[in-house]
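Q: What shape does this take:
(one chain, ligands or ions: 1)
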Amino acid sequence: MSHTLAIIGGTGLTQLTGLTISNAHDVQTPFGSPSAPVLEGELGGMRVLFIARHGHPHRIPPHLVNYRANLWALQNLYATDIIAVNAVGGITRNMKPGTLVLPKQIIDYTYGRDETIFDGEFAPVSNVDFSYPYTETLRELILKSASKVGEKILNGGVYGVTQGPRLETAAEIFRMENDGCDIVGMTGMPEASLAREFKLNYASLSLVVNQASGKGSGAITIREIDENLAMGIQKVRTILGQFVSDYYDS
Ligand code: HPA
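A: Below is the predicted model:
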């Protein structure tokens with residue numbers, strides 16, 4: 001088996017139901033500690049690695065996640081392909097709460113995060129191509145698996161990544177929409193570009209859990225986010241369950 005799948009679980013997915021855990025790897029990395037032990041196990045009889053991006057239980061805010069350590073740990077355990085699960089806000093019209101999105105592009109608004117492994121210390125400087133931030137073959141496989149289990153995914157869209165942990169102002173979202181963003185979240189970067197630096201295939205399965213600031217009728221409430229998350233994450237689990245078997249057949 002020359003390829004290994006890893007799943008990075010975001011908010012609402014700190015555990016992977018159905019994962020039979022055979023190992024919990026406490027990996028130390030040149031960049032410090034990952035968010036949580038990397039779980040190795042089987043999902044539907046297929047080997048997968050899993051890490052909870054915010055720790056388990058959920059405790060690390062988006063701007064303090066050690067993205068470099070998480071990806072280093074996964075790669076060290078021979079991951080070749082990563083599906084990242086992200087909870088996001090919906091900006092454009094189609095991006096209603098409950099919608100699953102497979103973004104195609106990214107605009108990065110984050111700052112002050114450790115965003116590269118090419119800092120001269122770990123590795124000599126290299127400018128990786130990032131024109132198309134997500135791996136197309138992986139995206140297509142996710143779309144196929146979703147359609148097999150009858151789940152709809154919006155194919156495409158621009159993921160605008162903000163610093164957080166606060167939500168955006170309505171004006172910030174207005175500006176992001178003008179920039180071309182369809183969804184907004186806090187964890188898409190530098191995870192995606194680090195995956196590219198590590199030469200890992202990477203795609204994001206994003207779940208819209210609220211209308212972005214200024215797009216709904218009032219303030220964004222944690223309650224609506226939690227409700228949409230609870231419903232949507234079931235769809236994510238169903239797709240991932242199908243995906244792992246399709247992945248190892250591919
Ligand atoms: N903005 C930023 N990040 C988010 C949002 C949002 O509205 N919803 C979920 N993650």
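
Q: For whatever residue of the chain ends up closest to the ligand, which non-adjacent residue is closest in space?
A: Relative to the ligand, the nearest point of the chain is Gly89 (2.3 Å; CB to the nearest ligand atom). All C-beta spots, glycine's among them, are computed from the backbone N, C-alpha and C. Take Gly89 and drop its neighbours on the chain: the residue closest to it by CB to CB, 6 or more residues apart in numbering is Ala212, 3.8 Å away.

Q: For stretch 56-67, which outside residues touch it?
A: The contact list for stretch 56-67 (CB atoms under 8 Å, 6 or more residues apart in numbering) reads 11, 14-15, 31-36, 52-54, 110, 112-115, 163-165, 186-187, 190-191, 194.

Q: could you pick out which of the residues you listed are near the ligand?
A: Counting by CB under 6 Å from any ligand atom, Met186 from those sit close to the ligand.

Q: Surely Lys144 touches Ser245?
A: No. Counting by CB atoms under 8 Å, Lys144 stays clear of Ser245, with 11.7 Å between them.

Q: still on that earlier bit, among the contacts of stretch 56-67, which ones are buried?
A: The neighbour-count criterion (16 or more other CB atoms under 10 Å) marks 11, 14, 31, 34-36, 52-54, 110, 113, 115, 163-164, 186-187, 190-191, 194 among the contacts of stretch 56-67 as buried.

Q: From these, which land in helices?
A: Glu191, Leu194 (DSSP state H).

Q: Quickly list what the residue positioned nearest the centre of the chain is bridged to.
A: With distances taken as CA atoms, centre = their mean, Ala84 lies nearest the centre of the chain, 2.9 Å away. Judged by DSSP bridges, the bridge partners of Ala84 are Ile8, Ser204.

Q: ok, it - contacts?
A: Counting by CB under 8 Å, 6+ apart, Ala84 makes contact with Ile7, Ile8, Gly10, Arg53, Thr187, Gly188, Glu191, Ala192, Tyr202, Ala203, Ser204, Leu205.

Q: cool, Trp72 as well?
A: Trp72 makes contacts with Val27, Thr29, Pro30, Phe31, Pro34, Ile117, Phe198, as judged by CB under 8 Å, 6+ apart.

Q: What of Leu240?
A: Ile7, Leu16, Leu43, Ile83, Leu205.

Q: The closest residue to Leu154 other than its chain neighbours pairs with what?
A: The shortest distance from Leu154 to any non-neighbouring residue, by CB to CB, 6+ apart, is to Val101 (4.7 Å). Beta-bridge partners for Val101, by DSSP bridges, are Leu154, Ser206.
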